[in-house]
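Student: Any chance you can model this:
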Amino acid sequence: MKKKINLLIVKASPNSDGCGNKIMLELERFVKKELNCKVSIFDQQKESLRRNEKYQMICDGKKMESKFEKKLMACDGIILLSPVYLKQAPGEFKITLDQFAYRMNEFPLIGKKMVSFVYCDTNGAKELNQYYKNIFSSAGVEFVGTCDYYRAFQSLDENMSIFKEDIQTMYRYIRNDVFHISDGQERLFQIYKEVIQKEQEKGIEVHRHKRWNLLNQYDSLYDYVKSTM
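Tutor: Residues are numbered from 1 along each chain as shown. Below you'll find the model as predicted:
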């Protein structure tokens with residue numbers, strides 16, 4: 001019997017109330033009741049209060065994981081909820097992403113699925129969704145669906161209905177071990193692999209090589225994911 005699927009809801013807004021909080025609470029109920037999944041929450045508003053803590057640093061070769069990284073690595077699928085700030089991600093959440101950047105060339109999220117819901121008043125949702133798709137895809141994520149919600153022109157209920165269908169599709173992919181690797185991800189894998197091999201030939205040894213000692217055994221990213229299924 002397979003373990004219970006764990007879906008992570010990431011609320012990128014640093015605000016304690018508003019549209020993002022409303023959506024997060026509704027989706028948490030939906031995932032628990034309709035899909036019977038375990039739900040984890042990363043709420044940027046709460047994490048922004050902890051800026052004095054030590055986050056993802058390399059000190060004498062010892063890695064210190066942030067709560068964001070731990071939750072990402074432990075989940076099966078990611079539900080990202082984000083407002084648009086002048087066509088960009090909220091500053092606090094951008095810092096959170098930057099703290100995970102040291103692992104981006106390790107394909108740390110390979111095999112995980114993701115959907116995103118980006119909302120704004122009048123403009124920027126589509127552009128920010130594409131930004132998130134580019135960032136997380138390069139870390140290995142398979143995007144299942146994106147939703148661009150413009151509050152001035154569209155109905156929240158209609159967009160939420162469509163987004164829940166995306167979440168259900170993501171759930172089915174995870175449950176049935178369905179995976180897809182894009183051509184872009186495969187090309188990126190080969191580029192990184194060549195760089196890592198050249199570093200190792202020169203005797204360079206940094207934290208990412210531990211991960212690549214495993215990845216180097218495979219000719220493609222597809223072969224690696226297939227071997228883990």
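Student: Next, the residue nearest to Phe107 when sequence neighbours are not counted: secondary structure please.
Tutor: Nearest-residue entry for Phe107: Gly140, 3.9 Å, with adjacent residues in sequence omitted and distances by C-beta to C-beta, 6 or more residues apart in numbering. (Glycine included, C-beta is placed from N, CA and C.) Under DSSP: H, G, I helix; E, B strand; the rest coil, Gly140 falls in the coil class.
Student: per-residue pLDDT, the residue with the largest distance to the centre of the chain?
Tutor: Distance from the centre of the chain peaks at Lys202, with 32.9 Å (C-alpha atoms, centre = their mean). Note on Lys202: pLDDT of 91.
Student: Dihedrals phi and psi, it?
Tutor: Lys202 adopts backbone torsions of phi -90, psi 0, taken as degrees, to the nearest 10.
Student: confidence score at Asn176?
Tutor: For Asn176, pLDDT reads 95.
Student: That one and Phe100: what is the separation?
Tutor: Look at Asn176 and Phe100: by C-beta to C-beta, to the nearest Å, they are 28 Å apart.
Student: So between the two, which is more surrounded?
Tutor: Legend: neighbour count by other C-beta atoms under 10 Å for Asn176 and Phe100, higher for Phe100 (20 against 8).
Student: Alpha carbons only: can I get stretch 169-183 in PDB?
Tutor: What follows is stretch 169-183 as a C-alpha-only set of coordinates in PDB (Å, rounded to 0.1, in the frame of the first residue of the first chain):
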ATOM      1  CA  THR A 169      -4.700  16.100 -12.100                       C
ATOM      2  CA  MET A 170      -1.500  16.500 -10.200                       C
ATOM      3  CA  TYR A 171      -2.800  14.200  -7.500                       C
ATOM      4  CA  ARG A 172      -3.500  11.500 -10.100                       C
ATOM      5  CA  TYR A 173      -0.100  11.900 -11.700                       C
ATOM      6  CA  ILE A 174       1.500  11.400  -8.300                       C
ATOM      7  CA  ARG A 175      -0.700   8.500  -7.300                       C
ATOM      8  CA  ASN A 176      -0.100   6.600 -10.600                       C
ATOM      9  CA  ASP A 177       3.600   7.400 -10.800                       C
ATOM     10  CA  VAL A 178       3.100   9.400 -14.100                       C
ATOM     11  CA  PHE A 179       6.100  11.600 -14.900                       C
ATOM     12  CA  HIS A 180       7.300  13.700 -17.900                       C
ATOM     13  CA  ILE A 181      10.700  15.200 -18.400                       C
ATOM     14  CA  SER A 182      10.800  18.200 -20.800                       C
ATOM     15  CA  ASP A 183      13.400  18.700 -23.600                       C
END
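Student: Other residues contacting that stretch?
Tutor: 2, 5, 7, 35, 37, 76-77, 111, 113-115, 137, 142, 144-145, 220-222, 225, 229 (C-beta atoms under 8 Å, 6 or more residues apart in numbering).
Student: Now, the residues you listed that are in helices?
Tutor: 137, 221-222, 225 (DSSP state H).
Student: top of those residues by neighbour count?
Tutor: Leu221 leads those on contacts (other C-beta under 10 Å) with 23 neighbours.
Student: For stretch 33-47, which residues meet the burial criterion?
Tutor: Neighbour-count burial for stretch 33-47 flags 35, 37-40, 42-45, 47 (criterion: 16 or more other C-beta atoms under 10 Å).
Student: For Glu69, state which of those residues is nearest.
Tutor: Comparing the buried residues of stretch 33-47 against Glu69 with C-beta to C-beta places Phe42 closest, at 10.1 Å.
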